[in-house]
Each structure stands twice: as structure tokens, then as C-alpha cells.
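*Asks:* fold the following and give me the result.
(chains A, B and C)
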Amino acid sequence: MVSSRNFTVAPDNSSKEVSLKGDLKSRFSNYMEKDSVFENKDALTTNWRPERILHRDEKINNLASILAPSLKGEDPSNVFIYGSVGTGKTLITKHVTSELQDVAEEQEVDLNIVYINCKMKKVADTEYRLLAKLCEQLGKEVPSTGLPTDEVYNRFFEALQNQKGVVIIALDEIDALVKKVGDEFLYNLTRINDDLRETKVSILGISNDLNFTEYMDSRVKSSLSEEEIIFSPYNAIELREILQERTERGFVEDALVDGVISKCSALAAQEHGDARRALDLIRVAGELAERSSEEEVRKKHVDKAQEKIERDRVVETVESQPKHSKIVLYTILDMAEDDEEVATGDVYSEYKQWCGEIDVSPLTQRRVSGLISELDMLGVINANVISKGRYGRTRQISVDLSESIRAQIENMIENKFYI
DNA sequence: ATTCCACCGGAATTGGGGGGAA
DNA sequence: TTCCCCCCAATTCCGGTGGAAT
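*Replies:* From the prediction side, this is the model:
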């Protein structure tokens, strides 16, 4: 703040600044005047709610009819929605619940719908935080830490008692939370109705994992999946229609060269029929076209977009890893350069060497082993446990990153540790 | 059919940092 | 201030285990 004030007031060498400012100004105004390929970029993001939702009529009706009893003050059955990423689960849930809410308001029915994404880091990714978030949504603030979980649970209960009517709790990405903290909280949630008088709670769980029920206690399973809706992936044709619809809103006319939409849908269809991916591809392709001052989005931009999305994803995940994870990754990158595949033990001894050089005390092998499997799950490296018979079992670690991504990561880590 | 390596991976625990409430 | 809580990385302990070698 201080420095910016100094900068604008500085009286001397003003000529330099003026011209600099002028440059910047003209650059900004150029930017403003330049014909954008985008008409409304929001329409190309996943949280945009299109007025027409394609290829999901059946699911919408299905969910609507399950939740409808709430308008009569009856508690709807608990629902479980399954489907892999980008199949429209969240979109449909938000759509149906907001319509439901509107009708409830018109009819003056007591209905409260709470939507929480359980994967939100530091927000709803533990039992405590989920309950705290639920309280908050029901209008009862709870400190973000400090209290015993029981206490938060009590406050949540009180908040519910003050609601009256039906409360629908939508828990998105619930599989991630259960895998992390177990299913006990769900058991409590499903049984909460037994103790409530005026309020009725029903739960709408959304899971990316189709085999998720296996992680749950059978009692929880049966009460939670009174109703189930399964979302199957979109095929390439459906994806194309969805993109067609969105791009009409998102891009200016004729901004897309023929075949660009098909290309995006085909690529996304290959990757499990993921509509989110398709949208990301075409949006980023547009951004790249715009950045290189072109007025049309071409197929080459889609290729670049795919590379950029992957690079951003990897760089971002690596950046958010703890210190030692980065060091471990660095040693793996270094070793896998000449050796195709490396074993955990090799990585560990090399890792200890690095730690010595940069004056960091090394972690145990157990921990490093854990870090390696985390990096594997994050899709940064590949690791498979194999048996070398007489010579033990270990992970076979390999790196399958494009040269540019790899270089960028190595650079980032080197800068961080002055290697 | 056994042996036995070089780890894997679950579980329990710790320790330091977040923060209540009284 | 004291005592309690939660969170997360990390440690300690330890019971497995696939399959080449014997």
C-alpha cells in the first residue's frame, strides 16, 4: 500500500513515468477495444447455470419427484446420486433444489435447502468443519476451531430445531469425506430425525465414486440410499450439443472455426464423458486465441489448451504439496531422467543426500513412502507395487510428464530451495 | 514347498499450531 | 491464565506379502 502511494506521487523523472503510463493506458484501451472472441465467458464455466439443461430430463424429473413431498411438509426420502466427474450431478442438484426452493417460497412452505461441498479444503473436509458449515448455513455461527465436536453437534441440533419444516442437506463429494473420516457422521445425520420434533431432515448425497457404498456401514448404506440416481457419462454427440448451446452464449458469432466444438467434445468424451473438461477445453482455447490476438479459435488452440490445462493442474498440485513432498518429487524427477524406473529404496537414499545438501533433516522412509503414494494418487508420478521375488517388494516409480511441465516443476522446486 | 527380501500399508501416537471457554 | 479441543505432518511399531531363488 505504502509503496503504491509513493509510486503515484513521485515527482521526479516524471517523463519516464508518463510515457510508461501512456503505454500501459494504450495497452489497456487496446485490450478493451480489441474484439474479444468471448461474448460472455461465464457461460463457459462449470458454475454457470444454463436455462436449458440438455440430456438430463429424466434425471431432473426423477430427482424432482423424490424431493417433491417436501412441499407438503413431508420429509423426502434420502437420495444418493452417483456419477463420475462432469456428468451433471451438481448442476442438476442445484437446478432442482433452487426451483424447489422457489416454489416453496411461493407457497409459503417451510423448506430449507443446504448445499455443501465436502471437498472444500479447510471448510468442510472434516466432521467438525462440516457440522460448523451446516450450522453457519442454518444461521448459527460457530467458531472455525476450538470447540469439541460434540458441542458443534449440539449447536447444529439446536439450529435444526429452530428451523421447523423440512431441511434438505445436499452433501456433494461425500465420498471424499467418508474415505477420510469414516461414516460415523453420516450415521448420526441419518438418525437425527429420531430426536427432532418439528423439523424433518433428509439427506442428498452426491458421490463421484460409483462403488462408494462399499466404504459404508450397511445401516448407513440402506438408510442413505433409499433412492438412488445414477448419472452416466455423456457421449461425444451429447457433449457436442451441450457445447453448442454454451458456446452460442459464450463466444461471439463466428469466433469458432468449424470442427473446434467437435474436437473438444471428442477429447472430453475420451476422458470419461466429462462435460467440465469439454468446457474447460473450449474456454481455455478461447483464452489462448485471444492472447495471441487472433479472432478465431482454431483446432491448434484446443491442442494448446489441453496441454495448458494439464500443466496448470500438475504445477498447482505440486505447489500445494508440503516441503518434503517437493523434495521427494525432485529426487524422483532427477533419478527417473536417466533410469526409466526407480524403486522406493533408491529414492529414499538419494532423497537423504539432497536433504543433507540443502540442510534439511530428512523424514523416515515410512513417511517418504507415503508421500510417494500421495504423488501417485495426485497423478504427478506413476507408482506401482511390484514384487521382485527374492529381492523384495517395492514400488516401481516412473514419470510420465511432458518436458515443459517437468522443466517448470524442477525450476519451481530449485528456486524454492536454492538448489 | 520353503525361504526370505525390501519394502507396503494399517494403526496408534506425538507434537506443535490452530483456537475456544471460564 | 489454564485447560480443553481440533488438525495435520510425521513417527513408531509392526504384521503382511508376491514371487525369484533355493
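*Asks:* who in chain A is up against DNA strand B?
*Replies:* Residues of chain A found near DNA strand B (Cβ under 7 Å from any atom of the strand) are A:143-147, A:343-346, A:365-366, A:369, A:372-373, A:385, A:389-395. Where you see a C-beta, it was placed from the backbone N, CA and C, and this is true even at glycine.
*Asks:* restricted to helices, list those residues.
*Replies:* A:344-346, A:365-366, A:369, A:372-373 (DSSP state H).
*Asks:* redo those residues as TSV? Include neighbour count.
*Replies:* Compiled in TSV, these are given as follows (neighbours: other Cβ atoms under 10 Å):
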residue	neighbour count
A:344	21
A:345	14
A:346	16
A:365	15
A:366	8
A:369	19
A:372	22
A:373	15
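*Asks:* what about the closest residue to residue A:204 other than its chain neighbours, how many residues close to it?
*Replies:* Closest residue to residue A:204 apart from its sequence neighbours, by Cβ to Cβ, 6 or more residues apart in numbering: residue A:170 at 4.3 Å. For residue A:170, the count of nearby residues is 22 (other Cβ atoms under 10 Å).
*Asks:* hey, C-alpha coordinates of the helix or strand that contains residue A:170 in CSV?
*Replies:* For residue A:170, the element it lies in under DSSP states H and E is strand A:165-172. Output of strand A:165-172 as CSV, limited to C-alpha atoms (Å, rounded to 0.1, in the frame of the first residue of the first chain):
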residue,chain,number,x,y,z
GLY,A,165,-40.4,-27.8,8.4
VAL,A,166,-38.2,-29.8,6.1
VAL,A,167,-34.4,-29.3,5.8
ILE,A,168,-32.7,-30.9,2.8
ILE,A,169,-29.0,-31.3,3.2
ALA,A,170,-27.1,-31.8,0.0
LEU,A,171,-23.6,-33.1,0.5
ASP,A,172,-21.5,-33.0,-2.6
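*Asks:* ok, residue A:217 touching residue A:188?
*Replies:* No: the criterion here is Cβ atoms under 8 Å, and residue A:217 misses it with residue A:188 at 11.7 Å.
*Asks:* does anything pack onto the host helix or strand of residue A:300? Which helices or strands?
*Replies:* Per DSSP H and E, residue A:300 falls inside helix A:299-319. Packing partners of helix A:299-319 (3 or more Cβ pairs under 8 Å, 6 or more residues apart in numbering; DSSP states H and E): helix A:260-270, helix A:275-291, helix A:403-417.
*Asks:* mean neighbour count for the ones you listed - can I get that in CSV?
*Replies:* Below are the helices and strands packed on helix A:299-319 laid out as CSV (neighbours: other Cβ under 10 Å):
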stretch, mean neighbour count
helix A:260-270, 22
helix A:275-291, 23
helix A:403-417, 14
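*Asks:* count of neighbours near the closest residue to DNA strand C within the stretch 251-400 of chain A?
*Replies:* Across the stretch 251-400 of chain A, the shortest distance to DNA strand C (Cβ to the nearest atom of the strand) belongs to residue A:389, at 1.7 Å. Residues contacting residue A:389 under the criterion other Cβ under 10 Å number 7.
*Asks:* kind regards, and thank you for your time.
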